[in-house]
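1. Provided below are the primary sequence and the corresponding predicted coordinates.
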Amino acid sequence: MNDTAKPVIQLSHISKAYQLGEIKVPALHDINLTINGGEFVAMAGPSGSGKTTLLNIIGALDDPSSGQVLVNGQDTSIFSASQKSELRRMQIGYIFQHYNLIPVLTALENTEYVLMLQGRDKSERRDIAMNLLKEVGLQGKEHHLPSQLSGGQQQRVAIARAIAPEPRLILADEPTANVDSHTAEGLLDLMEQLNQEKGSTFLFSTHDVTVMKRSHRLIWLKDGAIDYDGNPSGFSLP
Amino acid sequence: MNIDIKLALFLAWRSLGRNKRRTWISIVAISVGMGLSLLMLGFGDGMYQRTIENAVKQNAGNIVLQHPGYKLKPSLELTVAVSPSELELINATPGVSGSQRIILANALVRSGYSARNGGIFAFDPAVGAESTIAKKINQGRYLEAGDQQDLIISDKMARNLKVGLNKRLVLVANDADGNMMEALFRVRGIFPASNDGLDGHIVHMPISAAQSMFNLQADEITRLGILLEDSTQLEAVYQALLPLHQDLRHLMSWEEVLPALADYIRTDRFGLLVFNGMFVFLALATIFNTILMSVLERRHEFSTVMALGTPPSLLRMQILLEGVLLAFAGTIAGTLLGLLMLWPLFAFGLDMSALFPEGMSTAGVSIDTVVHGFLSFDTASSLFVTVFLTTTAMALWPMYKATRVKLTQEHSA
């Protein structure tokens, strides 16, 4: 489905600083990064190193202070709000640390949500969502509300929701942070399986060493800059 | 991008359905506000309607025929002549329920003890028997066919003149030619004057006796009151009546004949509307607060759906539709509640005689102590539309606020 060789993310000279009153707090500094289609990339680093900020900029949720962001070859830094909204809807799947399921929708409807936004036919989106929930092990829980699911189950729904439209890029902000290690293993298996089978590009931030080691590429951020970018086996924690 | 209304409606419906407490609070607030407004308007309009009906029966008609100069200078010299055949034609006009010939005059009412000014209302007894004063009589009886030198007076006048039932009184007045006339009458009935005493001077007498006393011809009257089957059809009936009588070009509505009463009703109804507006405002404040709170507490949810690519326009439409659905449900429930509360007033009326044992009057017009509700389609539909639109408008600010969330702050919280 995806062109695995083509770059999905291209960042050049990305910087970001937050204005807190009269103080300017730098969050990212001159980030240059390319991630190709089909990669399974972990982004790690100490708290405050800029992981979430970078994910937000790549996901068009936030704007860089300077630099250029290309997602699937499109320069998002010049996009309007509605263009960014369309980019997120059509090309990016997002998995949040706190699952962020829509509380008034069932697991099935949450999984269908982005497909609804895309205007997909009801029977088509229902088939996709049912199959995905089955794949993530939530068969029989389709009509449960988020409040009726455990944290791990909610995160599985969030993953199903992110991959339902088969986006080229899936961004995950600490997807295993709020689940136990056993559930985290299961979620990583699932993400890796989807990466292998569907060719989806995964970029996820994490603090978890186990998760880092499961990735195919590790990017270590320190003080808003890339400190390491390569095979996880070649990286030793500072 | 075009807004997917179906999807927005689905999300709005689901949001309301899954937040039942909030939804019910909103619907109850709207329906109670609207129900009470309908009750007040129905009660108030019932009172006004009855006041107008009574005024129309006692003093005029929905449409009034009188001499063009009479309004400025009421005088027995300024009469109109309506023949029986003309009266028949007028009564046969579609929309006309009947007519009443009236002679209005002033006279000095004298007993052996004292004298008072009296306002003479002379009717055909059968017509006068429908008046509120006839229904209020608590001593004796009202005028009947065949009565001639008979009068109906108030208890206030009876006390002042120190007369009782079947006692004799003398009426002294100028006739149509300006000559001083006097005639002897017998008190046939006494009615209790209203609290404000404004009807205390009224004297009812048979029209034939008045014509005789004031030296008028049999077809001469000071006023012909034309009563309509439906008071809202005034203009259509007016146009139909115009060719029937040479003086009908001088037709006036009851509002022109009784401007003080019309002004009173307009002013009082304005006050009622202001009071109603306060009810609706209180309900709207609750709605606004509920919708705004529902939006503010869902900032996290909104930031999530926007992060997933929900167009802001779709989100705004969802909030607006939540307001529309609440408004629709609330106004429907409010209408039903209002009608339910008004039903006893429609069916039985509210007997206020315990509060007003001596009768009620408004702007000098005696009205029944049993008040029946009245709710026109125009009033009900206007209130429905007003409440619906203003309630929907309460969603506008929350709708704007919903899309002003900062995505990065909310979903990383």
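-> Arrived safely. Predicted model, so just to flag it, every value in this text is computed and none were measured.

2. okay, now the unreliable bits of the stretch 301-413 of chain B?
-> Scanning the stretch 301-413 of chain B with the threshold set as pLDDT under 70 gives B:358-367, B:409-413.

3. excluding covalently adjacent residues, which one is nearest to the closest residue to chain A within it?
-> Closest contact between the stretch 301-413 of chain B and chain A, by C-beta to the nearest C-beta, is at residue B:309 (2.6 Å). In this view, the C-beta of every residue, glycine as well, is placed from N, C-alpha and C. By the measure of C-beta to C-beta, 6 or more residues apart in numbering or on different chains, the closest residue to residue B:309 outside its immediate chain neighbours is residue A:89, 2.6 Å from it.

4. report pLDDT for the one you found.
-> We have a pLDDT of 92 for residue A:89.

5. I'd say it and residue B:307 touch.
-> No. Contact between residue A:89 and residue B:307 fails when scored by C-beta atoms under 8 Å: they sit 10.2 Å apart.

6. returning to that earlier point: what sits up against the helix or strand where the residue nearest to residue B:309 lies?
-> The secondary structure element spanning residue A:89 is helix A:81-91 (assigned by DSSP states H and E). Contacts of helix A:81-91 with the rest of the structure, by C-beta atoms under 8 Å, 6 or more residues apart in numbering or on different chains, involve A:59-61, A:71-72, A:74, A:76, A:79, A:94, A:114, A:117-118, A:165, A:167-169, B:1, B:306-312.

7. and the helices in chain A?
-> Listed in chain order, the helices of chain A (DSSP state H) span A:51-58, A:81-91, A:107-117, A:122-135, A:151-163, A:181-198, A:209-214.

8. go ahead and name everything in contact with the third one.
-> Counting by C-beta under 8 Å, 6+ apart, the neighbours of helix A:107-117 from elsewhere in the structure are A:89, A:93, A:101-102, A:105, A:124-126, A:128-130, A:132-133, A:138, A:141-146, A:149, A:153, A:157-158, A:160-161, A:164-165, B:4, B:7, B:14, B:305, B:308-311, B:314.

9. tell me the residues of chain A that contact chain B?
-> Listed as neighbours of chain B in chain A under the rule C-beta under 8 Å from any C-beta of the partner chain: A:52-53, A:56, A:59, A:61-62, A:81-82, A:85-90, A:92, A:94, A:96-98, A:100-105, A:109, A:113-114, A:116-117, A:119, A:145, A:161, A:173.

10. can I get the buried part of these as one ChimeraX selection?
-> Buried residues within the residues of chain A next to chain B, as defined by 16 or more other C-beta atoms under 10 Å in any protein chain shown, are selected in ChimeraX through the command that follows:
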select /A:52,53,56,59,61,62,85,86,87,88,89,92,94,96,97,98,100,101,102,103,104,105,109,113,114,116,117,145,161,173
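
11. state the distance from the nearest residue to residue B:350 once chain neighbours are set aside to residue B:351.
-> For residue B:350, the nearest residue in space outside its immediate sequence neighbours is residue B:371; the separation is 5.0 Å by C-beta to C-beta, 6+ apart. In this view, residue B:371 and residue B:351 are 8 Å apart by C-beta to C-beta, to the nearest Å.

12. report pLDDT for the residue nearest to the spatial centre of chain B.
-> A centroid search over chain B (C-alpha atoms, centre = their mean) returns residue B:48, at 2.7 Å, as the residue closest to the centre. The predicted local confidence for residue B:48 comes out at a pLDDT of 84.

13. between residue B:371 and residue B:351, who's got more neighbours?
-> Set residue B:371 next to residue B:351 and count neighbours by other C-beta atoms under 10 Å in any protein chain shown: residue B:371 wins out with 20 against 11.

14. next, the more buried one: phi, psi?
-> Summarising the backbone geometry of residue B:371 under the convention degrees, to the nearest 10, its torsions are phi -100, psi 130.

15. now do the contacts for it.
-> B:43, B:46-47, B:50, B:345, B:349-350, B:352.

16. just the buried subset of the residues you listed, please.
-> The neighbour-count criterion (16+ other C-beta under 10 Å) marks B:43, B:46-47, B:50, B:345, B:349, B:352 among the contacts of residue B:371 as buried.

17. quick revisit: weakest of the helices of chain A in terms of mean pLDDT?
-> Mean pLDDT is lowest for helix A:181-198 among those, at a mean of 83.

18. now do the buried residues in that helix.
-> Across helix A:181-198, burial judged by 16+ other C-beta under 10 Å covers A:183-184, A:186-188, A:190-191, A:194-195.

19. by how many degrees do that helix and helix A:151-163 diverge?
-> If you take axes from the mean of the first three to the mean of the last three C-alpha atoms, to 10 degrees, helix A:181-198 sits at 20 degrees to helix A:151-163.

20. quick check, residue A:51 in contact with residue A:44.
-> Yes. Because the distance of 7.1 Å satisfies C-beta under 8 Å, residue A:51 is recorded as touching residue A:44.

21. between those two, which contacts overlap?
-> Joint contacts of residue A:51 and residue A:44 (C-beta under 8 Å, 6+ apart) are A:205, A:221.

22. now, which of the buried ones among the contacts of residue B:371 sits nearest residue A:40?
-> residue B:43 (73.8 Å; C-beta to C-beta).

23. so that closest one sits in a strand?
-> No. With DSSP: H, G, I helix; E, B strand; the rest coil as the criterion, residue B:43 is assigned helix and is not in a strand.

24. that one and chain A, how far apart?
-> Spatial separation of residue B:43 from chain A under the definition C-beta to the nearest C-beta, to the nearest Å is 41 Å.

25. can you name the residues that contact that residue?
-> With contact taken as C-beta under 8 Å, 6+ apart, residue B:43 is in contact with B:342, B:345, B:350, B:371, B:373.

26. ok, the nearest residue to residue A:128 once chain neighbours are set aside - contacts?
-> Leaving aside its sequence neighbours, residue A:128 sits nearest to residue A:164 (C-beta to C-beta, 6+ apart; 5.6 Å). Neighbour list for residue A:164: A:93, A:111-112, A:114-115, A:125, A:128-129, A:132 [criterion: C-beta under 8 Å, 6+ apart].
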